[in-house]
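Participant: make a model of this:
(chains A and B)
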2 protein chains.
Amino acid sequence: MKLYDCKIAPNPRRVRIFLAEKGIRLDTVEVDILGGENLGEAYRRINPRGLLPLLELDDGTRIDEVVAICRYFEEVQPEPPLLGTDPRSKALVVSRQRHMEFDGMIAASEVFRNSAPAFAQRSLPGAAAAGVAAIPQLVERGRRTLEHCFGELERYLGQSEFVAGDRFSLADITALCTVDFAGWAKIKVPEHHLNTHRWYKAVSARPSAAA
Amino acid sequence: MKLYDCKIAPNPRRVRIFLAEKGIRLDTVEVDILGGENLGEAYRRINPRGLLPLLELDDGTRIDEVVAICRYFEEVQPEPPLLGTDPRSKALVVSRQRHMEFDGMIAASEVFRNSAPAFAQRSLPGAAAAGVAAIPQLVERGRRTLEHCFGELERYLGQSEFVAGDRFSLADITALCTVDFAGWAKIKVPEHHLNTHRWYKAVSARPSAAA
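Facilitator: Alright, predicted model coming up:
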């Protein structure tokens, strides 16, 4: 089994943190996104979508998409649970994870992709829209969506210790990676979001955060 | 328990099809997206994100996001399984579902939202970026991404009967809703995609498709 990885990229980091929380170590293959290796012919034969991370099982099955890879490991090694423990909490983790993903990770990606010179002809990650020029209006749209996301995050963390309740979950992982990714574009959690700062300090101090 | 629904919208339809496949009937509350009721104060008190569908449990818990609602019902009523049956197939359903969602549903939404006059000031669904004007370049980017999605779909359906293997799953539901949603913008599956046409005829004929 091996993981196609990219050390600097936020999405592979979500899987690395998930695996570290489970205590699972995998062989990895590093793919250079900044240099465009993910869009090259060799990697496109492995993942036609040109995205990372991707998990290759011993039988050759290839599973891409962060949440799918996490689902695989949650099933083969349920402890510690990172995707909920009963129907209600499982649904809540999926829901909050998606809030952080759609309003957070994707918004941060839009800000970054549409302003960084390295991605001037790669407005979307992956192969689907390779060659599509940056769309400057997405920077402002992304900023507004991220602001909204940070409001959601503060509200959730005012209600419970973690993003989706009393237990650390994939929703926290996505939120942590979003906050750090947004920082690349100098977008920061407002100072008065005290619950978020309390939470950020705690989750960043977990050994998994360095994965 | 009740479902906040919108009969004309593609995302609530995904949940309705899922429930119909499980044979589950719920009370519903219709919310008028076209008229902007989802962004009004009353619905924003129920779902601050202003999106549909949303499930309200008897204990008052509110779960939004299609995939989260489906996860809840898969857990409380596993039969028939619509999210896979073992670690590998569960991961594959999540992965393929997300391909159809990101490269399909979201791309179709971008085409539609950024070209339909009714949404000229609502480039993104929901409250996060309400008031953000349509971004015309997203129409072309969305078309290209959808074209790519249709290529993926044809490839998957050349390998197996359904989108994520030999069993009907949420990946098929998302793909079906994507094809129909793309049709609103006159974007059609190419005629030579014979596997997709074979599949589309079969899944559209299931009683659930009318839900």
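
Participant: per the record, what domains does chain A have?
Facilitator: Split into domains by automatic domain parsing, chain A comes to A:2-76, A:87-210.

Participant: and those, which one averages the lowest pLDDT?
Facilitator: Ranked by mean pLDDT, the domains of chain A bottom out at domain A:87-210, with a mean of 93.

Participant: returning to what we had before: using CSV, please lay out the domains of chain A together with distance to chain B.
Facilitator: Where C-beta positions appear, they are placed from N, C-alpha and C, glycine not excepted. Shown next, in CSV, are these (distance: least, C-beta to the nearest C-beta, whole Å):
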stretch, distance to chain B
domain A:2-76, 4
domain A:87-210, 4
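
Participant: now render the ones you listed as JSON lines, adding mean neighbour count.
Facilitator: JSON lines is the format used below for the domains of chain A (neighbours: other C-beta atoms under 10 Å in any protein chain shown):
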{"stretch": "domain A:2-76", "mean neighbour count": "18"}
{"stretch": "domain A:87-210", "mean neighbour count": "19"}
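
Participant: now distance to residue B:81 too, for these, in a markdown table please.
Facilitator: Output for these, formatted as a markdown table (distance: least, C-beta to C-beta, whole Å):
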| stretch | distance to residue B:81 |
| --- | --- |
| domain A:2-76 | 13 |
| domain A:87-210 | 15 |
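
Participant: select, out of the ones you listed, the one closest to residue B:12.
Facilitator: domain A:87-210 (15.2 Å; C-beta to C-beta).

Participant: chain center to the closest one: distance?
Facilitator: 8 Å (C-alpha atoms, centre = their mean, to the nearest Å).

Participant: and it, end to end?
Facilitator: 31 Å (C-alpha to C-alpha, to the nearest Å).

Participant: quick check: angle from the longest helix out of those in chain A to helix B:137-159?
Facilitator: Longest helix in chain A, counting residues (DSSP state H): helix A:137-159. Helix A:137-159 and helix B:137-159 meet at an angle of 70 degrees, taking axes from the mean of the first three to the mean of the last three C-alpha atoms, to 10 degrees as the criterion.

Participant: after helix A:137-159 comes which helix or strand?
Facilitator: Per DSSP states H and E, helix A:137-159 leads on to helix A:170-184 as the next helix or strand towards the C-terminus.

Participant: check which helices and strands that next one sits against.
Facilitator: Other elements packing on helix A:170-184 under the criterion 3 or more C-beta pairs under 8 Å, 6 or more residues apart in numbering or on different chains; DSSP states H and E are helix A:10-22, helix A:87-99, helix A:106-113, helix A:137-159, helix A:194-205.

Participant: please redo it, this time with the cut-off set to 10 Å
Facilitator: Helix A:170-184 makes packing contacts with helix A:10-22, helix A:66-76, helix A:87-99, helix A:106-113, helix A:137-159, helix A:194-205 when contacts are defined by 3 or more C-beta pairs under 10 Å, 6 or more residues apart in numbering or on different chains; DSSP states H and E.

Participant: can you tell which of those is closest to residue B:59?
Facilitator: Nearest to residue B:59 among these is helix A:87-99; the distance by C-beta to C-beta comes to 8.1 Å.

Participant: tell me what angle that closest one forms with helix A:137-159.
Facilitator: 150 degrees.

Participant: can you give me the angle helix A:87-99 makes with helix B:66-76?
Facilitator: Computed by the same axes, to 10 degrees, the angle between helix A:87-99 and helix B:66-76 is 160 degrees.

Participant: and helix A:87-99, what does it pack against?
Facilitator: Checking 3+ C-beta pairs under 10 Å, 6+ apart, helix A:87-99 ends up next to helix A:66-76, helix A:137-159, helix A:170-184, strand B:54-56, strand B:62-64, helix B:66-76.

Participant: looking at these, which is nearest to residue B:157?
Facilitator: Using C-beta to C-beta, the helices and strands packed on helix A:87-99 put helix A:66-76 closest to residue B:157, at 18.8 Å.

Participant: mind listing what the residue of chain A positioned farthest from its centre touches?
Facilitator: The outermost residue of chain A, judged against the average C-alpha position, is residue A:59 (26.3 Å), by C-alpha atoms, centre = their mean. By C-beta atoms under 10 Å, 6 or more residues apart in numbering or on different chains, the residues touching residue A:59 are A:1, B:88.

Participant: quickly note the distance from it to residue A:65.
Facilitator: Using C-beta to C-beta, to the nearest Å, residue A:59 is found at 19 Å from residue A:65.

Participant: how about residue A:177?
Facilitator: For residue A:177, the distance to residue A:65 - C-beta to C-beta - is 15 Å.

Participant: next one: residue A:161
Facilitator: Counting by C-beta to C-beta, the gap from residue A:161 to residue A:65 is 28 Å.

Participant: now do the phi/psi pair for residue A:29.
Facilitator: The phi and psi values for residue A:29, taken as degrees, to the nearest 10, are phi -120, psi 120.

Participant: same thing with residue A:121?
Facilitator: Torsion angles, degrees, to the nearest 10, at residue A:121: phi -110, psi 20.

Participant: residue B:69: which of the helices and strands packed on helix A:170-184 is closest?
Facilitator: Of the helices and strands packed on helix A:170-184, the one closest to residue B:69 (C-beta to C-beta) turns out to be helix A:87-99, at 6.9 Å.

Participant: ok, back up a step: which neighbouring elements make contact with the longest helix of chain A?
Facilitator: helix A:87-99, helix A:106-113, helix A:170-184, helix A:194-205, helix B:137-159.

Participant: relative to helix A:170-184, how tilted is it?
Facilitator: Going by the same axes, to 10 degrees, helix A:137-159 makes 140 degrees with helix A:170-184.

Participant: was I right about residue A:161 contacting residue A:169?
Facilitator: No - Residue A:161 is not in contact with residue A:169 according to C-beta atoms under 10 Å; the separation is 11.0 Å.

Participant: same list (the helices and strands packed on helix A:170-184) but as a markdown table, adding distance to residue B:49.
Facilitator: Shown next, in a markdown table, are these (distance: least, C-beta to C-beta, whole Å):
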| stretch | distance to residue B:49 |
| --- | --- |
| helix A:10-22 | 21 |
| helix A:66-76 | 19 |
| helix A:87-99 | 7 |
| helix A:106-113 | 13 |
| helix A:137-159 | 8 |
| helix A:194-205 | 18 |
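
Participant: who wins for proximity to residue B:73 among those?
Facilitator: For residue B:73, the closest of the helices and strands packed on helix A:170-184 is helix A:87-99, at 8.3 Å, according to C-beta to C-beta.

Participant: ok, the residue nearest to residue A:136 when sequence neighbours are not counted - contacts?
Facilitator: Nearest non-adjacent residue to residue A:136, counting by C-beta to C-beta, 6 or more residues apart in numbering or on different chains: residue A:114, 6.3 Å away. Counting by C-beta under 10 Å, 6+ apart, residue A:114 makes contact with A:120, A:122-124, A:133-142.

Participant: right, I'll leave it there.
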